[in-house]
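Need a 3D model of the sequence below.
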Amino acid sequence: MADPGGSRQNVSFPSNGAQAHGYLALPPSGSGPGLVVVQEWWGLTSHIAAMADRFAAEGFTVLAPDLFGGATTHDPEEAARLLRELPVERAARDLRGAVDFLLAHPATTGDAVGAVGFCMGGGFALVLAAQEGDRVAAAVPFYGLPRIPEYDYRGLTARVLGHYAEQDHGIPMTAVDEAAARIEAASGRKPEIHFYPAGHAFMNDENLLGTHDPEQAGIAWRRTLAFLRSVLG
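Modelled structure (predicted):
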């Protein structure tokens, strides 16, 4: 079932000799710390664009890369297929290009960016922080981990704030604890992890799982803003 609005692309940027696309949202002041927002497995949907707009309204220069090349869906089977068919190398290249784009953008302040990701994007936010080193100063995964459970986080220097759901059947709390231990071992810094009495995708008010939780989403949102401001300025 395709999203009737389709992808929210509004900008193109270089990506290792090719062109990638995404959604750019600028802060009202005209400049602010850079932030990469990484999509869920539904694609660059209106929800992700709305999250980018919310962060921009709070003072960040935000880019949400379109990792699926324009495809969006609200069908779980199709979303799973899009994820399976996503070349990891291309996703990594596009995310690296997003960091390059933000750091070179005149509206971005500072010499490092933050990365916030949801579901699939939560795992990619951690991978991006590991691959980009000190160019990513803050990583905020929402209910997502890298696809490889034994992922090697060497290279990650970012501070990490993680939001996970106690009733998430896809990501058990033990898996989160193991990932947190691996991050601490690799970076020497203990990540800040919060568990919420909610289900998967509790931040997404468009999700079809019925797990959106406005109260827990509000708590996670306030924690995220405080964290990003403390790290990125």
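
could you pull out the helices for this protein?
46-57, 76-84, 88-104, 120-132, 173-187, 214-232 (DSSP state H).

List the buried residues for stretch 132-144?
Residues of stretch 132-144 classed as buried by neighbour count (16 or more other CB atoms under 10 Å): 132, 135-144. Just so you know, the C-beta spots here come from the backbone N, C-alpha and C atoms, and that holds for glycine as well.

Max pairwise distance over the residues you listed: which two?
Comparing all pairs in these by CB to CB, the longest separation belongs to 135 and 143, at 24.6 Å.

any idea how far residue 65 is from residue 196?
Separation of residue 65 from residue 196 (CB to CB, to the nearest Å): 26 Å.

and the helices of the chain, which is most packed in?
helix 120-132 (a mean of 26; mean count of other CB atoms under 10 Å).

for that helix, what is the average pLDDT?
Per-residue pLDDT over helix 120-132 has a mean of 95.

Can you spell out which helices and strands pack onto it?
strand 32-38, helix 88-104, strand 108-118, strand 136-142, strand 159-167, helix 173-187 (3 or more CB pairs under 8 Å, 6 or more residues apart in numbering; DSSP states H and E).

sorry, back to before: mind putting the buried residues of stretch 132-144 in TSV, distance to residue 69 included?
Output for these, formatted as TSV (distance: CB to CB, whole Å):
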residue	distance to residue 69
132	22
135	24
136	23
137	28
138	27
139	24
140	25
141	23
142	23
143	24
144	20
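
about what we covered before: of residue 65 and residue 196, which one has the most company?
residue 65 (30 against 21; other CB atoms under 10 Å).

got a list of what that one touches?
Going by CB atoms under 8 Å, 6 or more residues apart in numbering, residue 65 touches 20-22, 36, 38-39, 44, 94-95, 97-98.

Present those as TSV; the columns should include distance to residue 80.
Below are the contacts of residue 65 laid out as TSV (distance: CB to CB, whole Å):
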residue	distance to residue 80
20	23
21	22
22	23
36	24
38	17
39	15
44	17
94	20
95	21
97	25
98	24
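
Sort these by pLDDT and name the bottom one.
Lowest pLDDT among these: residue 20, 86.

List the contacts of the closest residue to it other than its chain neighbours.
Nearest residue to residue 20 in three dimensions, chain neighbours excluded: residue 94, at 4.4 Å (CB to CB, 6 or more residues apart in numbering). Residues near residue 94 by CB under 8 Å, 6+ apart: 15, 20, 65, 67.

What's the separation between residue 94 and residue 159?
24 Å.
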